[in-house]
Each structure stands twice: as structure tokens, then as C-alpha cells.
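*Asks:* here is my input, please return the structure:
(chains A, B, C and D)
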There are 2 protein chains.
Amino acid sequence: MAELRPNSIPTDDDPPIDIADPLCAVFRRKLKAEGAKYTPERAQILDAIIRLDGMFEAETLQEHLKDRGQRVSKATVYRTIKLLQEAGIIQRVLFEDEQAHYQLVYGRRPSDLLIRVDTGEVIPIQVPELQQIRDRLAKEHGLKIQSHRLQVFAVGEGTKG
Amino acid sequence: MAELRPNSIPTDDDPPIDIADPLCAVFRRKLKAEGAKYTPERAQILDAIIRLDGMFEAETLQEHLKDRGQRVSKATVYRTIKLLQEAGIIQRVLFEDEQAHYQLVYGRRPSDLLIRVDTGEVIPIQVPELQQIRDRLAKEHGLKIQSHRLQVFAVGEGTKG
DNA sequence: CTTGGTGCAAACATTTTGCAGCACA
DNA sequence: TGTGCTGCAAAATGTTTGCACCAAG
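*Replies:* So this is what the prediction gives:
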């Protein structure tokens, strides 16, 4: 049976976050909490993600590291991505692609996405209405909403599909 | 560069659809239109999808076929899935899983999803508010919205994440 | 020092593709 | 009766894992 459960979708109502708190400290705390180590590779990866800021894939990330002369192995990239997901710092954001896309989410309201299918551009958007939609769904279904994901696909005005 | 563009997200404002029109006829028409053939394998695959009705993966699909004594190769399953996507009959719906999930969408308003992360259950939902959200986004960004995808993740009331 | 981390390469899982023979239109 | 389709097996991706050596705490 396929595993339908998201790896670790951060619950929106997790403890409120101090935005000013450097992500690296957050990561360190998480690592220490489970007896793991804060290595240069992990620091470099988190750093690269902060620099990339928007969306990234494992490969992109590794290339950016390489461009800075920081050689980190594929294995370590993937392993660290997993840790950062567990820490709620990044989140997987899949498109219709076979490659996993990630997004920095810690300390930000997880943004919904407007995706231009003609250019590939990804525009973060805010959709306040979703809060009431979530509330309604929770009530209607007797469930506790943890998070959501909205992707809106669009093309430029003049573009012909 | 990664391909960000969805393979073929059916545009919501495609020509209106006669729900009564058997999917198989739709598929046939599409195949004929491009000089392709309507083979038993393709018929069996579409049939299995209609029987499955909800969500499915390539593997599930092949197993269902096998259970009915219809041996279709992996290659043909994938090739046909691609054709059905192009025909707007099914749509890819990815979760946080590495395996692609598909959904029958032809002749239905593509539904948004409520996903129970504790049980893996997937509940189709209707969110009428999205229409005005889409309209607003279109105006704000000067884009033409083609489609969207909303996934809401929830757990049962008593469940502790 | 001890435990956990890294890189490498091999293993994996899913999807795609090349090719020879088969079958629909 | 020709073009497109199928199955098979091999290739291509993207991600994970085993292992020997190395380094953080």
C-alpha cells in the first residue's frame, strides 16, 4: 500500500515562532535536542537554502553549494533536507514534476502559490479566505485541520495555451 | 532545468462537457483525432480506472487489471496514463509521496481534496469560494487562471499528531 | 574518546525508452 | 497491408542505504 501520509506537514498551530530567531539557531536546537551534531555541511546547506530563499530542489541546492566551492555529497544533501523538514524549517511542495521541490517555511505563514505554467515562474500569494474555508471544513467534517496547500495555475494574459 | 510546467492541467474553461458521454467514446475520439488506435489494452485500462473511480497509482491499476486476468505491461500502463492525461480524462494529483497519484476528472468539476493524514483517507470537497479567489488573483496579477489545486490536511478530532 | 556524520558507490523505486514482433484501421 | 501498438528488458531518474573513515561534542 502506498504511503499517503505526508512526511511531516508542519501544523499551522504549532507554537508561535519568533521570526527574528536565526534559523540556524533553530536548527541547532533541534539537532541538539536529539543528540545530533551541527556540522559544517549542515550549516552550509541551511545557509544555501536561506540564500536561495524561494523554492529549490535537491539538485539546485547541491549546485549552489558547489558554486561556492562547498562540496557536499548528494547523500548529505538529502539527509539534511530530511532533517530540515522534520524541524519544520522547510516543506516539500510538489508540482507535476518528478523531482521534489522544497520551500523555506519556518517563521513564515506558509504561502500559497500562483504558478505560471507558461514561464515556470512561481509567485507566492496570500489567500486570507482560506482560514474561514478551513474552519468550515473542520466543522463540517469533525476534523482538525493541520495545514493546506493551494496551487493556482495561470498563464500570461496574451499567452495562448 | 527542471520542468515546472504541469504536463497537461485541463483548463477549467475548456468546452463544456456532456457528462453522459461515455468516457470510452471521448477517449476514442481523441485517439482517432490524432491517428492513434483504440486497442483492447487501452480500453481495459480506461475501464479499470472507471471501476476504481477514485484515486489510483500506476501500480494499483496494473494489479487491478491482473486480478481480472488482463495482463497489460507496465510500459503500456504508463503510456496510456499519459494519453488519458492529454485527453483531460485523468489528472495527476500528487501527495507527499514519491509515487504519482491520478484521479478521474473528465466531466467532473475537478474536486479539491481533504486528506486525513492519520488514516490516508482522501475526501473530495467542493470549495465554491475558490472561484472568487481565482477571479481576484487573475485581476491582481493580470493573468489568466487555468486551474488550481487545493489539498487540506487534517486529522480526526481525537487524534494526537 | 565516543557517537554520529560524511562521501562514495551500490541499491532502490518509479517511470521511460529501444526494439522486434503483432494487430488494429 | 502499413502504421502504430505491445511486451520485454534495459536505461534513465531521483532518492536511499551500507560501509569505512573522519570529526564534533
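
*Asks:* what domains does the record give for chain A?
*Replies:* Structural domains assigned to chain A are A:1-108, A:109-161, following automatic domain parsing.

*Asks:* of those domains, which is nearest DNA strand D?
*Replies:* domain A:1-108 (3.1 Å; Cβ to the nearest atom of the strand). C-beta: built from backbone N, CA, C; applies to glycine.

*Asks:* the closest one near DNA strand C anywhere?
*Replies:* Yes: with Cβ under 7 Å from any atom of the strand as the criterion, DNA strand C is reached by domain A:1-108 at A:2, A:35-37, A:39, A:41-42, A:71-76, A:79-80, A:98.

*Asks:* average model confidence for that domain?
*Replies:* Across domain A:1-108, the average pLDDT comes to 78.

*Asks:* coming back round to it: of the residues of domain A:1-108 next to DNA strand C, which belong to helices?
*Replies:* A:Glu41, A:Arg42, A:Lys74, A:Ala75, A:Thr76, A:Arg79, A:Thr80 (DSSP state H).

*Asks:* who touches the helix or strand that contains A:Leu31?
*Replies:* Here A:Leu31, judged by DSSP states H and E, is contained in helix A:23-33. With contact meaning Cβ atoms under 8 Å, 6 or more residues apart in numbering or on different chains, helix A:23-33 is reached by A:37-38, A:42-43, A:46-47, A:50, A:83-84, A:86-87, A:89, A:106-107.

*Asks:* give me that answer again for 6 Å
*Replies:* Contacts to helix A:23-33, defined as Cβ atoms under 6 Å, 6 or more residues apart in numbering or on different chains, come from residues A:Tyr38, A:Leu46, A:Ala87, A:Ile89, A:Tyr106.

*Asks:* what does stretch A:67-84 give?
*Replies:* With Cβ under 6 Å, 6+ apart, stretch A:67-84 has contacts from A:Glu41, A:Arg42, A:Gln44, A:Ile45, A:Ala58, A:Leu61, A:Gln62, A:Leu65, A:Ile90.

*Asks:* go on, stretch A:130-137?
*Replies:* A:Ile145, B:Val127, B:Glu129, B:Val152.

*Asks:* same for DNA strand D: which of the ones in helices among the residues of domain A:1-108 next to DNA strand C are within range?
*Replies:* A:Lys74, A:Ala75, A:Arg79.

*Asks:* of those - the most surrounded one?
*Replies:* A:Arg79 (14 neighbours; other Cβ atoms under 10 Å in any protein chain shown).

*Asks:* please report how far it lies from B:Ala43.
*Replies:* Distance, A:Arg79 to B:Ala43, using Cβ to Cβ, to the nearest Å: 46 Å.

*Asks:* now the contacts of stretch A:67-84 in CSV, with secondary structure and neighbour count?
*Replies:* Shown next, in CSV, are the contacts of stretch A:67-84 (DSSP: H, G, I helix; E, B strand; the rest coil; neighbours: other Cβ atoms under 10 Å in any protein chain shown):
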residue, secondary structure, neighbour count
A:Glu41, helix, 17
A:Arg42, helix, 21
A:Gln44, helix, 19
A:Ile45, helix, 25
A:Ala58, helix, 16
A:Leu61, helix, 20
A:Gln62, helix, 21
A:Leu65, helix, 19
A:Ile90, strand, 24
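
*Asks:* now distance to chain B too, for those, in a markdown table please.
*Replies:* As requested, the contacts of stretch A:67-84 are exported to a markdown table (distance: Cβ to the nearest Cβ, whole Å):
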| residue | distance to chain B |
| --- | --- |
| A:Glu41 | 23 |
| A:Arg42 | 22 |
| A:Gln44 | 22 |
| A:Ile45 | 19 |
| A:Ala58 | 10 |
| A:Leu61 | 12 |
| A:Gln62 | 13 |
| A:Leu65 | 17 |
| A:Ile90 | 13 |
